[in-house]
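**Student:** sequence? don't have it. structure:
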């Protein structure tokens, strides 16, 4: 028996458990044999205030100081790059994030920042605050903090079904039965399925595949290379250890929740797009993988109790920005669960009740 059972031990569930532990009894139920196997363990690992849109920025900005103070951020910087005709996309980005320190870059500045940049890419927007995130370190620290506060983690505990009986959740899992006053759905791409198994109405959270490949290139990627993001949304790339490059075609392919794998076509598309941007020689593809990004219909995360009055709490739909927003989002969700207010960020845009009429 526990006060709060959290379904899912990825970044969403682990960070929330870290905030709750010590204030109430917490149980984390993880379907896999190890936490963070799917989305958390396959992140492109960067923190960017412009990523996700203006309604995500408050969560990202509020998370930055905590991530930096704990040593999980490393300065990187980003450049949003546009070819001829893409200036409107840069202008729209600058307008959407008018309060964020950004700087327009011309061709000469772009050539200094991105060696080998091909002709035609003449406009850019620098985002100096962008940083790399130590995802594994952050995830492990959340689990450690949760454990220190008394939270219990049970792996290989796939939720089969749950039923509200006598004011408590009776939960059947692959690791046995459990009971909880509140059930938190932090199951990522499986969030809607978990809702169904609990007799709750799904809200339309859908998983999408995102491809990333690791390349060996010549010349090696400079260690100081910024994150380079296409303003048109067709690619992004950043350096990795040993002069390697991480590259994504910025794809979002609707898929089934599961252990997804990259499609060869998406790998080929990514390489083709990179070769149109820089004149680097690709020696080989060293690794390739795909992760799941799950979005609610309006592409905002979902934090809050369902309208059923059953003690079913949503902590899902974090898309591709769940890691960079984890500290602030977890603090906000924990405050809602504990009834201590919502903190400095208004939770209304993320409330589960916004889908009541869907």
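**Tutor:** Okay, I see it. From a predicted model like this one, the values you see are computed outputs, not experimental measurements.
**Student:** Run through the stretch 51-200 of the chain and note the low-pLDDT ranges.
**Tutor:** Across the stretch 51-200 of the chain, nothing is flagged by pLDDT under 70.
**Student:** Go through stretch 83-91 and flag the buried ones.
**Tutor:** 83, 86, 89, 90 (16 or more other C-beta atoms under 10 Å). Where C-beta positions appear, they are placed from N, C-alpha and C, glycine not excepted.
**Student:** Make JSON lines from those residues and add secondary structure to it.
**Tutor:** JSON lines is the format used below for the buried residues of stretch 83-91 (DSSP: H, G, I helix; E, B strand; the rest coil):
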{"residue": "83", "secondary structure": "coil"}
{"residue": "86", "secondary structure": "coil"}
{"residue": "89", "secondary structure": "helix"}
{"residue": "90", "secondary structure": "helix"}
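**Student:** Nearest to residue 350 among these?
**Tutor:** residue 89 (26.5 Å; C-beta to C-beta).
**Student:** how deep is the closest residue to that closest one other than its chain neighbours tucked in, by neighbour count?
**Tutor:** Here the nearest residue to residue 89 in space, its sequence neighbours aside, is residue 231; by C-beta to C-beta, 6 or more residues apart in numbering that works out to 3.9 Å. By other C-beta atoms under 10 Å, the residues close to residue 231 number 21.
**Student:** shouldn't residue 231 be in contact with residue 84?
**Tutor:** No - applying C-beta atoms under 8 Å as the test, residue 231 and residue 84 come out as separate, 11.9 Å apart.
**Student:** Okay, the residue nearest to residue 89 and residue 313: tell me how far apart.
**Tutor:** Note on residue 231: its distance to residue 313, by C-beta to C-beta, to the nearest Å, is 37 Å.
**Student:** related to what we said a few turns ago, so what pLDDT did the residue nearest to residue 89 get?
**Tutor:** On pLDDT, residue 231 comes in at 94.
**Student:** And it, how close does it get to residue 114?
**Tutor:** 14 Å.
**Student:** Name the residues contacting each of these two.
**Tutor:** Listed as contacting both residue 231 and residue 114 by C-beta atoms under 8 Å, 6 or more residues apart in numbering are residue 81.
**Student:** tell me which strands and helices the strand ranked longest in the chain is in contact with?
**Tutor:** In the chain, taking DSSP state E as the definition, the longest strand is strand 281-295. For strand 281-295, the elements it packs on are strand 206-218, helix 264-275, judged by 3 or more C-beta pairs under 8 Å, 6 or more residues apart in numbering; DSSP states H and E.
**Student:** try 10 Å this time
**Tutor:** strand 206-218, strand 244-248, helix 264-275 (3 or more C-beta pairs under 10 Å, 6 or more residues apart in numbering; DSSP states H and E).
**Student:** quick one, the first one and helix 264-275 angle?
**Tutor:** Interaxial angle of strand 206-218 relative to helix 264-275 (axes from the mean of the first three to the mean of the last three C-alpha atoms, to 10 degrees): 50 degrees.
**Student:** picking up where we left off before, in its sheet, which strands sit next to the longest strand of the chain, and in what direction?
**Tutor:** strand 206-218 (antiparallel) (DSSP bridges).
**Student:** Show me what counts as buried in the strand it pairs with.
**Tutor:** 206, 207, 208, 209, 210, 211, 212, 213, 215, 216, 217.
**Student:** mind checking the SS state of the residue lying closest to residue 74 once chain neighbours are set aside?
**Tutor:** Sequence neighbours aside, residue 132 is the residue nearest to residue 74 in space, at 4.5 Å (criterion: C-beta to C-beta, 6+ apart). Under three-state DSSP, residue 132 falls in the strand class.
**Student:** Can you pull the domain assignment for the chain?
**Tutor:** Annotated domains of the chain cover 2-42+135-204+297-355, 78-128+207-295 [automatic domain parsing].
**Student:** Report the buried residues of the longest strand of the chain.
**Tutor:** 288, 290, 291, 292, 293, 294, 295.
**Student:** My guess is the first one contacts residue 267. True?
**Tutor:** Yes - shown here, residue 288 and residue 267 form a contact pair, counting by C-beta atoms under 10 Å, at 5.6 Å.
**Student:** overlap in contacts of these two?
**Tutor:** 211, 212, 213, 247 (C-beta atoms under 10 Å, 6 or more residues apart in numbering).
**Student:** Relative to residue 48, how far out is the third one?
**Tutor:** To tie it back to what came earlier, the one meant is residue 213. Distance from residue 213 to residue 48, by C-beta to C-beta: 20 Å.
**Student:** what does residue 285 give?
**Tutor:** For residue 285, the distance to residue 48 equals 25 Å [C-beta to C-beta].
**Student:** go on, residue 170?
**Tutor:** 42 Å.
**Student:** you'd agree residue 327 is in a helix?
**Tutor:** Yes - assigned with three-state DSSP, residue 327 falls within a helix.
**Student:** Who are the contact partners of it?
**Tutor:** Applying C-beta under 10 Å, 6+ apart, we find residue 327 in contact with 15, 18-19, 59-60, 62-67, 69-70, 72, 138, 142.
**Student:** just residue 30 next, same as before
**Tutor:** 6-10, 13-14, 36-37, 153-159, 173, 175, 187.
**Student:** likewise residue 331?
**Tutor:** 15, 16, 18, 19, 59, 62, 63, 66, 342, 343, 344, 345.
**Student:** Phi, psi for it please.
**Tutor:** Residue 331 adopts backbone torsions of phi -60, psi -40, taken as degrees, to the nearest 10.
**Student:** do the same with the one 5 residues further on
**Tutor:** Phi and psi for residue 336, reported as degrees, to the nearest 10, are phi -70, psi -40.
**Student:** Fine, thanks again, bye for now.
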